[in-house]
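Asker: structure for the following, please:
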Amino acid sequence: MEAQDDPRFLKGIEEFNSQLFFECHETLEELWLEERGEDRKFYQGIIQIAAGYFKLQQGVPMGAIKLWRTGLEKLQSYRPVFYGINVDSLIEAVQIHLADLERDQQRPVDSLNLPTILLIC
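Answerer: Numbering: from 1, shown residues only. I've put the predicted structure just below:
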């Protein structure tokens with residue numbers, strides 16, 4: 001079964017887009033654990049980005065910064081679109097938040113325009 005046909009894949013995206021970052025992490029981790037090929041890195045990148053936003057929600061900006069950096073690095077090779085996800089737009093949004101947070105770690109979460117994962121069908 002292709003990832004985009006797996007209901008857990010769509011559920012993880014919906015959770016991310018609803019800012020349920022912990023739940024997104026848990027849902028996509030199931031797919032990541034089952035994956036044996038190169039796509040494993042793709043899941044891990046999204047999981048790390050979601051976990052970064054969860055850390056930010058918890059008030060741990062350094063945790064968010066570290067997770068975003070590693071997640072962004074993993075997603076680079078999946079640009080521009082992978083499994084119907086606009087990887088470019090996700091990377092660009094997270095890069096903006098990373099730069100903002102690196103400049104000002106006291107910035108409140110609700111002042112960020114949190115990204116969504118855009119599906120291109």
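Asker: what's the following helix or strand after the helix or strand that residue 40 is a member of?
Answerer: Per DSSP states H and E, residue 40 falls inside helix 39-57. Once helix 39-57 ends, the next helix or strand along the chain (criterion: DSSP H and E) is helix 61-75.
Asker: packing partners for that following helix?
Answerer: Helices and strands touching helix 61-75, by 3 or more C-beta pairs under 8 Å, 6 or more residues apart in numbering; DSSP states H and E, are helix 39-57, helix 87-103. Every residue, glycine included, has its C-beta placed from N, CA and C.
Asker: let me know the angle separating the helix holding residue 40 from helix 61-75.
Answerer: Interaxial angle of helix 39-57 relative to helix 61-75 (axes from the mean of the first three to the mean of the last three C-alpha atoms, to 10 degrees): 160 degrees.
Asker: quick check: buried residues in helix 39-57?
Answerer: For helix 39-57, burial by neighbour count (16 or more other C-beta atoms under 10 Å) applies to 39, 41-56.
Asker: ok, now stretch 69-80?
Answerer: So for stretch 69-80, counting by 16+ other C-beta under 10 Å, buried means 69, 70, 71, 72, 74, 75, 78.
Asker: other residues contacting that stretch?
Answerer: For stretch 69-80, contacts defined as C-beta atoms under 8 Å, 6 or more residues apart in numbering pick out 41-42, 44-49, 51-52, 86-88, 90-91, 94-95, 98.
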